[in-house]
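Asks: return atomic coordinates for the entry below.
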Amino acid sequence: MALSFMCSCPQRIARRGYYGAFLMDNLPLAKSLVEKLASNLNVHVSCKIRVFPKLEDTLKYAKMLEDAGCSLLAVHGRTRDEKDGKKFRADWNAIKAVKNKLRIPVLANGNIRHMEDVQNCLEETSVDGVISAETFLENPALFVGFRTADWVEDNEKDFVDEKLD
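Replies: Numbers count the residues shown, from 1 in each chain. Next up, the predicted model:
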């Protein structure tokens, strides 16, 4: 069993409730929460974060969470202000830098639109796995090779199943 501590939600409700990606404004609190969870539960604690605009801040954040007891870290390669995945590309270089800095497993999040992206991300970042959120919601058949019309190129029409809902 594991508990996942999500520090990546960029939505307005997270700002109002002072959780998700807005814990990035108070790193001592985020560290304290992970330490409390890791030391008082008999399950692994994983975290999901977004990157800071400056890579060194992201690396410090990730290392702090590892030191606090996080046993697996998922990194969304966009800042909390970069909410539109079609407009802002995730920074796989930042994710790779986090992977190289930590001893714990790291998962990449961002720019996973189809199966080729999974392989490309694994190769470019050396992470232990990938996750997908919005694209997976748009296309539940993502991991069997289907693509939504938004992501299909002209020569890939065979990858689209118009009946997918």
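Asks: distance check, Ala97 against Asp117.
Replies: Distance, Ala97 to Asp117, by CB to CB, to the nearest Å: 19 Å. (C-beta placed from N, C-alpha, C; glycine too.)
Asks: which intervals of this protein have sub-threshold pLDDT?
Replies: Residues of the chain meeting the criterion pLDDT under 70: 1-20, 83-86, 146-165.
Asks: just the strands in it please.
Replies: Under the criterion DSSP state E, the chain contains strands at 2-7, 44-50, 70-76, 106-109, 129-131.
Asks: distance to Asp57 added to the ones you listed, as a markdown table?
Replies: Listed next are these as a markdown table, based on distance: least, CB to CB, whole Å:
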| stretch | distance to Asp57 |
| --- | --- |
| strand 2-7 | 14 |
| strand 44-50 | 11 |
| strand 70-76 | 13 |
| strand 106-109 | 17 |
| strand 129-131 | 22 |
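Asks: quick one: which of those is nearest Val144?
Replies: strand 129-131 (15.2 Å; CB to CB).
Asks: now Lys48, nearest residue through space, not along the chain?
Replies: Closest residue to Lys48 apart from its sequence neighbours, by CB to CB, 6 or more residues apart in numbering: Ala74 at 4.0 Å.
Asks: residue contacts, that neighbour?
Replies: The neighbours of Ala74, taking CB atoms under 8 Å, 6 or more residues apart in numbering as the test, are 8, 46-49, 106-109, 131.
Asks: please report how far Lys63 lies from Ile131.
Replies: According to CB to CB, Lys63 and Ile131 sit 21 Å apart.
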